[in-house]
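Engineer: After the sequence you'll find the predicted model.
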Amino acid sequence: MLRKLLIAVAVALAVIVAVVATRPAHFSITRSATIAAPDSILFAQVNDFHRWEAWSPWEKLDPAMQKTYGGAGAGTGATYAWVGNKDVGEGRMSITESSPSSRILIKLEFLKPFAATNDTEFRFEPAAGGTTVTWTMSGENNFMAKAAGLFMDMDAMIGADFEKGLAQLKAVAEAAAAAPPSIPPAS
């Protein structure tokens, strides 16, 4: 009886491993929004990690999150690291490419609760009445990520965060676009 049970467990595990192994090795999550603001305003919000606090969907999940900025002030070479609660974990972002008003590439490294390295891209394209911002995260699924994908829809989970972030970016950028230009003080 014990032998039959062990064989059944071994077969079940083999089936699970086989199913997980057939899951896609690559993933990509993309969301877009058209925002009534010039590409220069949107680009500036994303290109400077100091400005992410105003629109990032993860910034408000842990008010006590520890943040460290490094490298360049903005653009290529700028870095941002964080350590927070279970909702935000720990990680680091580095801008690897910054093409004014058109594209920003970011290397995204998660350290906790799980280790992963992904590529993130923001594209800014002219659209009727403003700019279309496209936010994409892509990377490779290891065995554990493939297994988790059997039970969780990562596109829906991360996509919902992207949608929230784009909505907040829209509010910030449209307010900035509607604000009257500042006049420098007279000398």
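Structural biologist: Good, I have the coordinates. Numbers count the residues shown, from 1 in each chain.
Engineer: Which residue, neighbours along the chain excluded, lies closest to A72?
Structural biologist: Nearest non-adjacent residue to A72, counting by C-beta to C-beta, 6 or more residues apart in numbering: A78, 4.6 Å away. For the C-beta atoms, the positions are set from N, CA and C on the backbone; glycine is no exception.
Engineer: in the helix ranked longest in the chain, what counts as buried?
Structural biologist: Ordering each helix of the chain by length in residues (DSSP state H) puts helix 154-178 first. Residues of helix 154-178 classed as buried: 158-159, 161-162, 164-166, 168-170, 172-174, 177 (neighbour count, 16 or more other C-beta atoms under 10 Å).
Engineer: With stretch 112-127 instead?
Structural biologist: Buried residues in stretch 112-127 (16+ other C-beta under 10 Å): 118, 120-124.
Engineer: I'd assumed E90 was in contact with A116.
Structural biologist: No. Applying C-beta atoms under 8 Å as the test, A116 and E90 come out as separate, 11.8 Å apart.
Engineer: Mutual contacts of these two, please.
Structural biologist: Common neighbours of A116 and E90 (criterion: C-beta atoms under 8 Å, 6 or more residues apart in numbering): F110.
Engineer: next structured bit after the strand or helix carrying L5?
Structural biologist: Per DSSP states H and E: L5 is located in helix 2-21. Remark: after helix 2-21, the chain's next helix or strand is strand 26-35, criterion DSSP H and E.
Engineer: Please save the CA atoms from that following strand in CSV.
Structural biologist: Output of strand 26-35 as CSV, limited to C-alpha atoms (Å, rounded to 0.1, in the frame of the first residue of the first chain):
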residue,chain,number,x,y,z
HIS,A,26,9.7,34.8,-21.4
PHE,A,27,7.1,37.2,-20.1
SER,A,28,6.1,40.8,-21.1
ILE,A,29,3.5,43.0,-19.5
THR,A,30,2.5,46.2,-21.2
ARG,A,31,0.0,49.0,-20.6
SER,A,32,-0.5,52.3,-22.3
ALA,A,33,-2.4,55.6,-21.7
THR,A,34,-2.9,58.7,-23.7
ILE,A,35,-2.2,61.8,-21.6
